[in-house]
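Colleague: Structure for this input, please:
(2 chains)
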There are 2 protein chains.
Amino acid sequence: MQDRAVTTRQTILTTAAEVIIERGYGGASISQITARAGVAAGAVYFHFRSKEGIAHALLGVDLLEGLPPRRGPALQYWSDLALLMAQRLDTDPKVRAAPYLAALADNHDGWTSPWPAWRATVARPLHAAEREGELQSHVQPEAVAELLISAWAGMAGHRTPGTAQAQMRTFLDCCLPGIAMPAVAARPEQHL
Amino acid sequence: MQDRAVTTRQTILTTAAEVIIERGYGGASISQITARAGVAAGAVYFHFRSKEGIAHALLGVDLLEGLPPRRGPALQYWSDLALLMAQRLDTDPKVRAAPYLAALADNHDGWTSPWPAWRATVARPLHAAEREGELQSHVQPEAVAELLISAWAGMAGHRTPGTAQAQMRTFLDCCLPGIAMPAVAARPEQHL
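Modeller: Numbers count the residues shown, from 1 in each chain, chains lettered A, B, ... in the order given. A predicted model of the protein is given here:
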C-alpha cells in the first residue's frame, strides 16, 4: 500500500474505534466515522468494504505489536507483555475497542472470537516459564492466561483514562508472588 | 408491589438483559423484549418507563445480594464475595449485563457509572482486612478492589458459559498469596 493509503486506513480505524467506544457498535455508522475522520465514504468502502470489515480489522489486533524480543526470564517477558497491553488500552482507541467487540463476537454471524488467539499469545510465555522452572507447580498457564485476558478486557470497559497501566501493575504485584517460584519473584533487578 | 408485579418486573429485566447481551444496548428494542418475555409493552412502560429505565435498573445490581453475613476473617468474606459475583455472572443475565452497560455509562447523558459504588463495596472487606492485620503492608485496598471489578467485568465479556467461577478461583489462587499475610494465606480450613 502507498504511505498515504496506509495513513488513511489507520485514520479510519482509529476514528471508527472512537465512535464504537462512544456509541456502541450498533450505534456507530459509517457516516459518523467519515465525518469525524474527514475522509470520503469511498475510502472506507475501499479499505474495509463495510462496518463489519472495520470490526474484523479491529478484532485482529496483534497483542505483541511493539513488544521487544524476549531477553531474560520468561515471566519477565510475560510481565512486559501485560504492561504493554495495558499501555495500549490507555493510549490507542483501536486496542480499546477490541475487547468490547470481542464480547459481541459470539452473537454476530461470521465474526470469529479473538479470545482463543489472545489466550494462546498470552499463554506462550507462561508455558515457557513453566518449562524453565519459573512457575510454582500448581500454576496452570492457560488458566492464568485466560485470567489476564479477562482482567485486560475489563480494564478497557472502565473509562477513567490512563488507569489500565496502574491496574495492570496491581495485577502483576498481586499475582506474581502466587505464580512465580520464590527465587524468580525475589529478583528485584528483573522488575518482577 | 404485588407478587405478580414483582415477577413480571423480574421477567422483563432478565429478558432485557439477554437481549442487550446478544444485540448490544443500541440494538435492543422494547418490542424484542416484550415479544420474548411474553409481556405487554404497557408492563414495560409501567415498571421502567423506557429502555433507559431498564438500563438504570440493571446498573443498580447489588453485588452483595445473596452473600451471607461475614463470619470469620475479612479476607475470607472478600473471597466469598468475589466467588459469588462470578457465580452470578455465570447464572444471571441481569448481572452479566451490568458490566457491559457500565462500560457505556460515561457516554450516555444521565447515566451514572456504577464503578465507584462497586469499587467501594469490594474495597470494604479489604479495608477491614487491613485493619485486622490480614493484608501485607504494601497492599492498597482500593487498587485491589478496582482490579477485582475489572477482572469481573472482563469475565462477563467472555461468552463461554460458566467460566467466570473458574476464572475467579484462578484470580484468588494467584492473588491471595500476594496480598494476604502468610499466616492468613496458610489457613487451609478457611479456603483461602
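Colleague: Break chain A down into its structural domains.
Modeller: Listed by automatic domain parsing, the domain ranges of chain A are A:3-59, A:74-187.
Colleague: how long is the first one end to end?
Modeller: Counting by Cα to Cα, to the nearest Å, the length from the leading to the trailing residue of domain A:3-59 is 23 Å.
Colleague: ok, back up a step: let me know which of the domains of chain A is tucked in deepest.
Modeller: Compared across the domains of chain A, domain A:74-187 shows the largest average neighbour count, a mean of 20 (mean count of other Cβ atoms under 10 Å in any protein chain shown). From N, CA and C alone the C-beta is placed, and that goes for glycine too.
Colleague: Wondering if that one reaches chain B at all.
Modeller: Yes - using Cβ under 8 Å from any Cβ of the partner chain, domain A:74-187 reaches chain B at A:99-100, A:102-107, A:113, A:115, A:138-140, A:143-144, A:146-147, A:149-159, A:163, A:166-167, A:170-171, A:173-179.
Colleague: Kindly report the same for stretch A:21-38.
Modeller: Yes - if you take Cβ under 8 Å from any Cβ as the test, stretch A:21-38 does meet chain B, through A:21, A:22, A:23, A:24, A:25, A:26, A:27.
Colleague: The helix or strand hosting the first one: what's the following helix or strand?
Modeller: Translated: residue A:21. Counting by DSSP states H and E, the element that carries residue A:21 is helix A:3-23. Downstream of helix A:3-23, the first helix or strand assigned by DSSP H and E is helix A:30-37.
Colleague: Show the contacting residues for whatever residue of chain A ends up closest to chain B.
Modeller: Across chain A, no residue is closer to chain B than residue A:154, which sits at 3.0 Å (Cβ to the nearest Cβ). Residues counted as contacts of residue A:154 (Cβ atoms under 8 Å, 6 or more residues apart in numbering or on different chains) are B:99, B:149, B:150, B:151, B:152, B:153, B:154, B:155, B:156, B:157.
Colleague: so the residue lying closest to the fifth one once chain neighbours are set aside, which of the three states?
Modeller: Yep, that's residue B:152 we're talking about. Nearest residue to residue B:152 in three dimensions, chain neighbours excluded: residue B:85, at 5.4 Å (Cβ to Cβ, 6 or more residues apart in numbering or on different chains). Assigned by DSSP: H, G, I helix; E, B strand; the rest coil, the conformation of residue B:85 is helix.
Colleague: any idea how far residue B:16 is from residue B:85?
Modeller: To residue B:16, residue B:85 is 21 Å away according to Cβ to Cβ, to the nearest Å.
Colleague: next one: residue A:36
Modeller: Per Cβ to Cβ, residue A:36 is found 31 Å from residue B:16.
Colleague: Over to residue A:79?
Modeller: Noted for residue A:79: a distance of 41 Å to residue B:16, by Cβ to Cβ.
Colleague: returning to what we had before: now the domains of chain A in a markdown table, with mean pLDDT?
Modeller: Converted to a markdown table, these look like this (pLDDT from 0 to 100):
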| stretch | mean pLDDT |
| --- | --- |
| domain A:3-59 | 93 |
| domain A:74-187 | 91 |
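Colleague: Need those in TSV (columns: distance to residue B:52).
Modeller: Below are the domains of chain A laid out as TSV (distance: least, Cβ to Cβ, whole Å):
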stretch	distance to residue B:52
domain A:3-59	14
domain A:74-187	19
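Colleague: ok, back up a step: which strands or helices does the helix holding residue A:21 pack on?
Modeller: The elements that helix A:3-23 packs onto, with contact taken as 3 or more Cβ pairs under 8 Å, 6 or more residues apart in numbering or on different chains; DSSP states H and E, are helix A:30-37, helix A:41-48, helix A:51-59, helix A:93-105.
Colleague: Extract the C-alpha set from the second one and format it as CSV.
Modeller: It refers to helix A:41-48. Taking C-alpha atoms only, helix A:41-48 is exported to CSV below (Å, rounded to 0.1, in the frame of the first residue of the first chain):
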residue,chain,number,x,y,z
ALA,A,41,-17.1,7.3,2.3
GLY,A,42,-15.4,5.7,-0.7
ALA,A,43,-12.2,5.4,1.2
VAL,A,44,-14.0,3.4,3.9
TYR,A,45,-15.5,1.0,1.4
PHE,A,46,-12.2,0.7,-0.4
HIS,A,47,-10.3,-0.3,2.7
PHE,A,48,-13.0,-2.3,4.6
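Colleague: quick one: that helix to helix A:51-59, angle?
Modeller: Following axes from the mean of the first three to the mean of the last three Cα atoms, to 10 degrees, one obtains 50 degrees for the angle between helix A:41-48 and helix A:51-59.
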